[in-house]
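Colleague: 3D model of this:
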Amino acid sequence: MILTRLLSATSNRTKNDRLFPEEVNIIYDSKCNVCKMEIDFLAKRDAKKINIGAPKLKMTDLEADDYNPENPENGGITYEKGLGAIHAVTADGTVIKGVPVFALAYEQVQLGWLFKVTTWPVAKQVVEMLYNIFAKFRTNLTRGASIDTLVKEYEAKKSLQQEIDDDNCDSCKAKES
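Modeller: Numbering: from 1, shown residues only. The predicted structure follows:
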């Protein structure tokens, strides 16, 4: 019911108020094979079977070189937050985290019935607890490193890239002189 209200509120907005044409932008980790498999399934079902020509799901990879948490389409989801749990941003800018992301995504590809059980009070608590445990240890299981380690590596990579970009820019300026 919450998902239906969320989507109807989004669909009542004009195209000018939307952050993107799709209904939902899922922020995911492409270096996680489990995540990638899920996203590939949803993307294929969305674009090739259900919403042909007008997909409702947008997929944004945290690992993309051009990923920018400051882009409103990404809802301020930092690399660290994105590794900690799956997130999504609706076309109106609402940020969703965890199990409700799957429920919303599956609803977009006409498989929402699979997640109806997650709306039942006891089942909801159990499913969310299990997801939170999985999310906490997901990177250790799927990528062989903790979230903290991956964040440190990511920040070091970004810092090095910034230094390279700065050096290239300085070199360009020196050549122009």
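
Colleague: could you list the low-pLDDT ranges of the chain?
Modeller: 1-16, 169-177 (pLDDT under 70).

Colleague: now do the contacts for the residue most central in space within the chain.
Modeller: The structure's the chain has its C-alpha centroid closest to Ile27; by Cα atoms, centre = their mean the separation is 0.9 Å. Under the criterion of Cβ atoms under 8 Å, 6 or more residues apart in numbering, the contact partners of Ile27 comprise Thr60, Leu62, Asn74, Gly75, Ile77, Gly82, Ile86, His87, Ala88, Val89. For the C-beta atoms, the positions are set from N, CA and C on the backbone; glycine is no exception.

Colleague: CA atoms only for the strand or helix carrying the last one, dumped as PDB, please.
Modeller: Per DSSP states H and E: Val89 is located in strand 87-90. What follows is strand 87-90, C-alpha atoms only, in PDB (Å, rounded to 0.1, in the frame of the first residue of the first chain):
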ATOM      1  CA  HIS A  87      19.200   2.100  -2.100                       C
ATOM      2  CA  ALA A  88      16.800   3.500  -4.700                       C
ATOM      3  CA  VAL A  89      15.600   7.000  -5.600                       C
ATOM      4  CA  THR A  90      12.200   7.600  -7.000                       C
END
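
Colleague: remind me what it packs against, helices and strands.
Modeller: The contact analysis (3 or more Cβ pairs under 8 Å, 6 or more residues apart in numbering; DSSP states H and E) places strand 87-90 against helix 2-11, strand 24-28, strand 95-97, helix 99-108.

Colleague: and stretch 48-57, which residues are buried?
Modeller: Neighbour-count burial for stretch 48-57 flags Ile50, Asn51, Pro55, Lys56, Leu57 (criterion: 16 or more other Cβ atoms under 10 Å).

Colleague: surely the second one is in contact with Lys44?
Modeller: No. Using Cβ atoms under 8 Å, Asn51 and Lys44 do not qualify as a contacting pair, with a distance of 11.3 Å.

Colleague: spell out the residue ranges of the helices in the protein.
Modeller: Counting by DSSP state H, the chain forms helices over residues 2-11, 33-44, 79-84, 99-108, 121-142, 147-176, given from the N-terminal end onward.
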